[in-house]
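K.L.:
Fold the following and give me the result.
(2 chains)
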Amino acid sequence: MEDIPRLPTAWRPRSTEGLERLQSSTPARIGVWRAGTRPTTGQMLKFRCDHASAVDAVYSEVSEELLLELGLFTVETQYGNKEIYLKRPDRGRKLTDEAIDTITKKCKLNPQVQIVVSDGLSGSAIEANLTDCYLSLLDSLAVHGLEAGTPFFVKGGRVACMDQIGELLQAEVLVLFIGERPGLVSSSSMSAYMCYRPRFGTVESDRMVISNIHPQGTFPAEAGAYIGDLLHTILQHKASGVKLDSMRK
Amino acid sequence: MILVDNAWILSVGIDVGTSTTKLIVSRLRIDQVSGPGAIPKHEIVGRELLYVGPLHGTPLLSEEEIDGSALSEIIREEYVKAGIRAADIQTGAVIVTGETATKGNASTIVRLLAEQAGDFVVATAGAELEGILAGKGAGADGRSRVLKGVVANIDVGGGTANVAFFRNGQWIDTVTFHVGGRVIRMNERGKVLKVSPHIVPWLTVNGFLITPGQILKYGQWEEICNRMSRDMLRYLAGQEASLTWHQLLLGPALANRYPVEEWTFSGGVGELMGKPLPESLDGSSAYGDIGPILARSLARASESLGLNLGLPDQTTRATVIGAGTQSIELSGATVFVEESMLPIRNLPVLKLDLAESGSSSFMGMKEAAAKLIRQGNIWYGQSNPDEATFAIAIGSVGYYSYRSIQDLAKSLLEAYREEEPDNHKMVLICEQDMAKALGQSIYRQSGYEMRIVCLDEIRARQGDYIDIGQAPSGTWIPVTVKTLAFHSAAQ
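P.N.:
Prediction:
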């Protein structure tokens, strides 16, 4: 759908420039005017359109082509199907027996850096942003002289699936690229969660995140380069999250 | 707003003007302003004046030379009074302004002063920068953000009036005139003591044929000042200009005309505009020049032109406060920096305009970069073959992919290898947040041979000069972008 102009023609604000400046400071729907007591037709349609693409994103799948191109094999969590996945976050944290098997067979043990990708709540986020971010991260790892293990894709994953993977592979540091919960601003925003030696019982404060990776937020290529730096810092200090922050002060 | 590591840094400002020299010491607070989960971003979030020195007459050896040792002594004494040592100063600027900037030894003196003032203090000059710093010191940038319109500050000092236009807190244009208190010096009897050569053409075409020794009545002095004020202000206000206004112009005219919401006057003459002054020669002779009469003329002309005057934050010290508190900015936090190359001083900037014809393709970009490097070598030479003699500024390109960053990196690297095969040092200044990705790509593609300083979120233009400081905490890097210094004096 074409973009609706943010400023309806019927509205004459006292300062168009001032309003535009406010609008450019946030992607939120401000200054959209109204028709009587209701939103304008254009705004209403835009809202419904954005809502629909958010719903679509939750059900979107990461394409085989992308996974093939980046050389990622696929394993699944115990999510079952999308309906269960949405209702039972705990299932998205547990790998299937088959997944455990595949990972142990295919992956290098004790990697310095383990890269994992998951669709999470938005397959389209991975589709849109993974390639640029991932390739840039690989460059950054090379510059820092860090070695990555065998990367793979987890279907139906939640953030804390990092813990089980960490236990299995004994990764020194793990980075998980995962699709964020879609919103009305962007339905394809990706996050990168990082953790030093993730394991069962890892507390949330040990994880750190770079979120909002998408073309209207942090650009994937620059984010990937920065994530490499962060992983380097985590390895230097042997800590991540709040622990790392307090060590750096 | 999340404030994580905050730091205070000490900054000095020194303004060597046409008639007075001023010094201030301030401290700047730097904080992380980005939220959790975002790439870190640091900004200067607070500015505090710690010491404001008195006005000193600018010491001159002759009409053509600044007295360097007397100036150096002024700074030494001021530092003692302020209770600081040069070693404590982490940033700041020495600026030589007005007519003083045209003195033969201005560039040498100001550089020596900067070294004396502290390791990271920069030397700057140039009427354009002077106007911008004065406008910021007067608070015009902040007012333009609040007012949602253009705010112009006119800093009228001894030798020049420096005008800067701001919109949304950013400067958009500058212009400078030979209008100031000291352009004609006089005594309390109305006797002409000295006429600045810069003002003679304007006086002549206006039929004011005055020579030193001549005695003018109050009304005649007023007539000169009225005409001068009207010529400048009518032009600035976009009203039908006189036929002679351009004789007052120093440097280029305005690029555009702007609807100005509010005007502020700063500088020594701006200060006098706010004071009740007796309308007589006696009452106007306190400074031995036309300053007080000019101030009254400017006020009157502003009123008759219907200019909406605002109150400046600072008047006499607008420029020095601007120099001390507004001359540095911080690079984005995700950069690619070979620390052994820092600090870098006075590096000229060449602008690579990627939006220009056909330069989105790899060959187009490489050709554009090679052309730029050849130009840089002609302009700035290469005394040491393994040294960056200029920085390349890369403008905004909108969204970029990993592929396009690789192409840009490759084109820059190949252009450098063809044009400067012995050079392994590169300084890049990106407008957009892309420095880490670009820097690491060039480094990797060069087989880890290139030494690179690649910064971002800094806007620099062709002909600017930049200073890049060391990162005190490793997370942000102070940068000063200076508009062309010493056009005339250096060449």
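K.L.:
So, low pLDDT: which residues of chain B?
P.N.:
Scanning chain B with the threshold set as pLDDT under 70 gives B:1-6, B:355-360, B:382-383, B:472-475, B:483-491.
K.L.:
Kindly report the domain assignment for it.
P.N.:
Following automatic domain parsing, one finds the domains of chain B at B:7-125+B:322-326, B:140-312, B:334-474.
K.L.:
For those, give me a markdown table that also has mean neighbour count.
P.N.:
Backbone N, C-alpha and C define where each C-beta goes, glycine included. Formatted as a markdown table, the domains of chain B follow (neighbours: other CB atoms under 10 Å in any protein chain shown):
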| stretch | mean neighbour count |
| --- | --- |
| domain B:7-125+B:322-326 | 20 |
| domain B:140-312 | 19 |
| domain B:334-474 | 18 |
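K.L.:
Can you add distance to A:S53 and give those back as CSV?
P.N.:
Formatted as CSV, the domains of chain B follow (distance: least, CB to CB, whole Å):
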stretch, distance to A:S53
domain B:7-125+B:322-326, 23
domain B:140-312, 32
domain B:334-474, 19
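K.L.:
how about these in CSV, adding distance to chain A?
P.N.:
Putting those into CSV (distance: least, CB to the nearest CB, whole Å) gives the following:
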stretch, distance to chain A
domain B:7-125+B:322-326, 4
domain B:140-312, 4
domain B:334-474, 4
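K.L.:
in stretch A:33-52, what's buried?
P.N.:
A:39-40, A:43, A:46, A:50 (16 or more other CB atoms under 10 Å in any protein chain shown).
K.L.:
where's A:V175, which helix or strand?
P.N.:
Using DSSP states H and E, A:V175 sits in strand A:173-179.
K.L.:
whoops, B:I172 was the one
P.N.:
Assigned by DSSP H and E, B:I172 belongs to strand B:170-177.
K.L.:
Residues touching the very next helix or strand once past that strand, excluding its own?
P.N.:
Counting by DSSP H and E, the element after strand B:170-177 in chain order, helix or strand, is strand B:184-186. Residues from elsewhere that reach strand B:184-186 (CB atoms under 8 Å, 6 or more residues apart in numbering or on different chains): B:192-196, B:199, B:210, B:216, B:221, B:224, B:285, B:288-290.
K.L.:
Now for these: which two are most distant?
P.N.:
Greatest spatial distance among the contacts of strand B:184-186 (CB to CB): B:I199 and B:S285, at 19.2 Å.
K.L.:
any idea where the helices of chain A begin and end?
P.N.:
Assigned by DSSP state H, chain A shows helices spanning A:16-24, A:41-59, A:64-69, A:82-87, A:97-106, A:123-144, A:161-169, A:220-237, A:241-248.
K.L.:
and the second one with helix A:123-144, angle?
P.N.:
Orientation note: helix A:41-59 sits at an angle of 60 degrees relative to helix A:123-144 (axes from the mean of the first three to the mean of the last three CA atoms, to 10 degrees).
K.L.:
I'd guessed B:V150 sits against B:F165; true?
P.N.:
Yes: using CB atoms under 8 Å, B:V150 is in contact with B:F165, at 5.7 Å.
K.L.:
what is in contact with the two at once?
P.N.:
B:172, B:258, B:260.
K.L.:
Need the residues you listed in JSON lines (columns: distance to B:L372).
P.N.:
Shown next, in JSON lines, are the shared contacts of B:V150 and B:F165 (distance: CB to CB, whole Å):
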{"residue": "B:I172", "distance to B:L372": "26"}
{"residue": "B:Y258", "distance to B:L372": "32"}
{"residue": "B:V260", "distance to B:L372": "36"}
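K.L.:
Of those, which is the nearest to B:K351?
P.N.:
Using CB to CB, the shared contacts of B:V150 and B:F165 come closest to B:K351 at B:I172, 18.0 Å.
K.L.:
returning to that earlier point: please identify which of the helices of chain A is closest to B:L298.
P.N.:
Closest approach to B:L298 among the helices of chain A is made by helix A:16-24 (29.0 Å; CB to CB).
K.L.:
in the closest one, what counts as buried?
P.N.:
Applying 16+ other CB under 10 Å to helix A:16-24 flags A:19, A:23 as buried.
K.L.:
Determine whether any part of it lies close to chain B.
P.N.:
Yes: contact of helix A:16-24 with chain B (CB under 8 Å from any CB of the partner chain) involves A:17-18, A:21.
K.L.:
Flag every residue of chain A that's near chain B.
P.N.:
Proximity of chain A to chain B, by CB under 8 Å from any CB, involves residues A:15, A:17-18, A:21, A:131-133, A:135-136, A:139-140, A:142-143, A:191, A:209-212, A:215, A:218-226, A:228-229, A:245, A:249.
K.L.:
Are any of the residues you listed buried, and if so which?
P.N.:
A:131-133, A:135-136, A:139-140, A:142-143, A:191, A:209-212, A:215, A:218-226, A:228-229.
K.L.:
ok, back up a step: tell me the one of the buried residues of stretch A:33-52 nearest chain B?
P.N.:
A:D50 (19.7 Å; CB to the nearest CB).
K.L.:
residue contacts, the nearest residue to that closest one once chain neighbours are set aside?
P.N.:
Nearest residue to A:D50, sequence neighbours excluded (CB to CB, 6 or more residues apart in numbering or on different chains): A:L184, at 4.6 Å. Applying CB under 8 Å, 6+ apart to A:L184 gives the contacts A:29, A:47, A:50-51, A:54.
K.L.:
and what of B:F166?
P.N.:
Listed by CB under 8 Å, 6+ apart, the contact partners of B:F166 are B:135, B:140-141, B:143-144, B:150-153, B:172.
K.L.:
swap in B:G142?
P.N.:
Applying CB under 8 Å, 6+ apart, the residues contacting B:G142 are B:169, B:313.
K.L.:
what are the phi and psi angles of it?
P.N.:
phi -60, psi -40 (degrees, to the nearest 10).
K.L.:
any idea how far it lies from B:E271?
P.N.:
Distance, B:G142 to B:E271, by CB to CB, to the nearest Å: 19 Å.
K.L.:
before we move on, what about B:S361?
P.N.:
For B:S361, the distance to B:E271 - CB to CB - is 56 Å.
K.L.:
how much space between A:L130 and chain B?
P.N.:
Distance, A:L130 to chain B, by CB to the nearest CB, to the nearest Å: 11 Å.
K.L.:
repeat for A:C107
P.N.:
Distance of A:C107 to chain B, computed by CB to the nearest CB: 25 Å.
K.L.:
Identify the residue spatially nearest to that residue, adjacent ones excluded.
P.N.:
Of all residues not flanking A:C107 in the chain, A:T150 sits nearest, at 4.2 Å (CB to CB, 6+ apart).
K.L.:
Report the residue spans of chain A with pLDDT below the cut-off.
P.N.:
Across chain A, the ranges flagged by pLDDT under 70 are A:1-10, A:249.
K.L.:
just the helices in chain B please.
P.N.:
So, for chain B - with DSSP H - the helices run B:68-82, B:106-117, B:127-138, B:140-147, B:200-205, B:218-236, B:267-273, B:291-304, B:318-326, B:362-380, B:402-419, B:435-445, B:487-490.
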